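Asks: Structure of the sequence below:
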Amino acid sequence: MGDDDGDNVITITLVDGGLGDDDLTESDVIVEQGGPENPPVVGRGVPAFPSLYIGIAAALGAGVLAYLISRRLRHQE
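Replies: I've put the predicted structure just below:
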């Protein structure tokens, strides 16, 4: 990766099995996990938005909602 000539161009070279290839093997395929439509590779790469986080957020939201509803019902009695 580099830019040294003063123009507005950056050159990124991806090598199979090297930097930028998430599976880190020479397999004639460069794997790049990073878009929101791709599931994360377990133990490698940067997860975009794994479903685990969505489940945790949903569980926390449901807990807060249940607490608020029960609190409101107790105050009505």
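Asks: so how many other residues sit close to residue 65?
Replies: Residues lying near residue 65 (other CB atoms under 10 Å) number 10. For every residue, glycine as well, the C-beta is placed using N, CA and C.
Asks: Check whether it sits in a helix, strand or coil.
Replies: Of the three states, residue 65 takes helix according to DSSP: H, G, I helix; E, B strand; the rest coil.
Asks: Residue ranges in the protein under the pLDDT threshold?
Replies: For the chain, applying pLDDT under 70 flags the ranges 1-2, 33-50, 77.
Asks: mind listing the strands for it?
Replies: Using DSSP state E, no strands are found in the chain.
Asks: Would you map the helices across it?
Replies: Using DSSP state H, the helices found in the chain span residues 51-76.
Asks: need the contact list for residue 21.
Replies: For residue 21, the contact set (CB atoms under 8 Å, 6 or more residues apart in numbering) comprises 14, 15, 30, 31, 32.
Asks: Tell me if I'm right that the fourth one and residue 23 touch.
Replies: Right, residue 31. Yes. Residue 31 lies in contact with residue 23 (CB atoms under 8 Å); the separation is 4.4 Å.
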